[in-house]
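> prediction below, plus the sequence it came from.
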Amino acid sequence: DAKTTQPTSMDCAEGRAANLPCNHSTISGNEYVYWYRQIHSQGPQYIIHGLKNNETNEMASLIITEDRKSSTLILPHATLRDTAVYYCIVNPPRGGSEKLVFGKGTKLTVNP
Amino acid sequence: GAVVSQHPSRVICKSGTSVKIECRSLDFQATTMFWYRQFPKQSLMLMATSNEGSKATYEQGVEKDKFLINHASLTLSTLTVTSAHPEDSSFYICSASRQGLVRAFGSGTRLTVV
């Protein structure tokens, strides 16, 4: 079973920031928070991951609360191409044979 | 970054025939590969995990004799759907992994059994 909970759907206006929340209250000390997204009829695409510090890359920012029980993915300037299902997953350190278990994710729709 | 290639992207086959889907890691050696299935409007469901040179480990409810997985090299895994039926129609996605790398996914294969 997925160890995260996310809202089923969200809407965002093009050009505005999209803030996608994720709850992971049972996260273990060595587990990372990963975000992937899946555009319709494609494979999942890696976005960002973090352990406890906030992270930023060319795609997004990841804000993790101090108690690590929740996080927020921020797309600073959403475009129509960011419309996708976004998955928040907790997992041990990257790589290896650990399973990535997908929950239902958040369907983000970016509107013109 | 890690790149995974999956082929074919879509396939239509007749009921009762077998279909093979290939998954290749292009720029790294994948010690572990995963196969997922996704039905319309649902999330990805893990079918099996395979380590190079070993038998695959199947998730509960997945028929190992129907979904044959071969992981004979560090860059190639195949999934064969044997005696396909319309209910096997789905979107199949592979993922490749190696310690120290972020998990990468293939672009998926849309299987339609008619």
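Nice, thanks for sending it over.

> just give the nearest non-adjacent residue to residue A:20, would you?
The spatial neighbour of residue A:20 that comes closest, neighbours along the chain excluded (Cβ to Cβ, 6 or more residues apart in numbering or on different chains), is residue A:73 at 4.4 Å. For every residue, glycine as well, the C-beta is placed using N, CA and C.

> what does chain A have sitting close to chain B?
Within chain A, the positions lying close to chain B (Cβ under 8 Å from any Cβ of the partner chain) are A:34, A:36, A:38, A:41-46, A:49, A:87, A:94-97, A:99-105.

> now, those that are in strands?
Secondary structure from DSSP state E places A:34, A:36, A:38, A:45-46, A:49, A:87 of the residues of chain A next to chain B in strands.

> of those residues, buried ones?
A:34, A:36, A:38, A:46, A:49, A:87 (16 or more other Cβ atoms under 10 Å in any protein chain shown).

> which residues touch the second one?
When you say that, I think you mean residue A:36. Each residue near residue A:36 by Cβ atoms under 8 Å, 6 or more residues apart in numbering or on different chains is listed here: A:44-47, A:86-87, A:89, B:105.

> among those residues, which one sits closest to residue A:21?
residue A:86 (10.4 Å; Cβ to Cβ).

> what number of residues lie near the closest one?
Applying other Cβ atoms under 10 Å in any protein chain shown, we find 24 residues neighbouring residue A:86.

> I'd say it and residue A:106 touch.
Yes - counting by Cβ atoms under 8 Å, residue A:106 is a contact partner of residue A:86 at 4.9 Å.

> now do the shared contacts for those two.
A:6, A:20.

> average pLDDT across stretch B:48-62?
Stretch B:48-62 shows a mean pLDDT of 91 in the predicted model.

> could you list the buried residues of it?
B:48-52, B:56, B:58, B:62.

> name the nearest residue to residue A:40, ignoring sequence neighbours.
Nearest to residue A:40 is residue A:84, by Cβ to Cβ, 6+ apart, at 7.5 Å.

> who's in contact with the one you found?
By Cβ under 8 Å, 6+ apart, the neighbours of residue A:84 are A:37-40, A:107-108.

> save the residues you listed as CSV, and put in pLDDT too.
What follows is the contacts of residue A:84, written out as CSV (pLDDT from 0 to 100):
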residue, pLDDT
A:37, 97
A:38, 97
A:39, 96
A:40, 90
A:107, 97
A:108, 98
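
> pick out whichever of those residues sits closest to chain B.
In terms of Cβ to the nearest Cβ, no member of those lies closer to chain B than residue A:38, at 7.8 Å.

> mind telling me the two of the buried ones among the ones in strands among the residues of chain A next to chain B farthest from one another?
A:38 and A:49 (16.2 Å).

> which one of the contacts of residue A:36 is nearest residue B:9?
residue B:105 (13.5 Å).

> how close does the closest one get to chain A?
Using Cβ to the nearest Cβ, to the nearest Å, we find residue B:105 at a distance of 4 Å from chain A.

> that residue: how many residues sit nearby?
Counted with other Cβ under 10 Å, residue B:105 comes out at 24.

> contacts only, for the nearest residue in space to it that is not next to it in sequence.
Excluding the flanking residues, the one nearest residue B:105 by Cβ to Cβ, 6+ apart is residue A:43, at 3.9 Å. By Cβ under 8 Å, 6+ apart, residue A:43 lies in contact with B:4, B:6, B:93, B:95, B:105-108.
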